[in-house]
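Colleague: Dropping a prediction and its sequence here:
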Amino acid sequence: MSRMFTSEHFSEGSAVMGDTQEVRTLIARRDKFIAEHPHLKSTQEEIDRLMGTTLDPVMRLEILFMLISGKLQDMRTLFTELMKLAKDAMPEESGHM
């Protein structure tokens, strides 16, 4: 995980982020969520890695948008494949009802 956004390294980022209880609470909630959904750990690590490259809020939003867009495109590709499989599994219409 990015050094700035882990509980262990929070103090290093506190000067930039503001050492608030709210931030610590949000980090703890995120860590708990990842612990409960371990299949999302690699996605969170990707987010942390990319977010660790900048403190600029506009760039951080652009990074999040890029990641979300990529995931949506992946889902769209899978949906298209599923639709094709579903159509292929449908019996040919004979024109009779």
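Modeller: Alright, I've got the coordinates.
Colleague: buried set for stretch 49-62?
Modeller: Using 16 or more other Cβ atoms under 10 Å as the test for burial, stretch 49-62 gives L50, M51. Where you see a C-beta, it was placed from the backbone N, CA and C, and this is true even at glycine.
Colleague: any idea of the mean pLDDT for that stretch?
Modeller: Average pLDDT, stretch 49-62: 91.
Colleague: Would you mind extracting the C-alpha trace of it into CSV?
Modeller: Output of stretch 49-62 as CSV, limited to C-alpha atoms (Å, rounded to 0.1, in the frame of the first residue of the first chain):
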residue,chain,number,x,y,z
ARG,A,49,0.2,2.9,-5.8
LEU,A,50,-1.2,5.4,-8.2
MET,A,51,-2.4,7.8,-5.6
GLY,A,52,1.0,7.7,-3.9
THR,A,53,2.5,9.5,-6.9
THR,A,54,0.8,12.9,-6.3
LEU,A,55,-0.7,15.1,-3.7
ASP,A,56,-2.5,17.3,-6.2
PRO,A,57,-6.2,16.9,-5.6
VAL,A,58,-7.1,17.4,-9.3
MET,A,59,-4.6,14.7,-10.4
ARG,A,60,-5.9,12.4,-7.7
LEU,A,61,-9.4,12.8,-9.0
GLU,A,62,-8.1,12.2,-12.6
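Colleague: List the contacts of the spatially most central residue of the chain.
Modeller: By Cα atoms, centre = their mean, the mean C-alpha position of the chain lies nearest to T43, the distance being 5.2 Å. Listed by Cβ atoms under 8 Å, 6 or more residues apart in numbering, the contact set of T43 reads K71.
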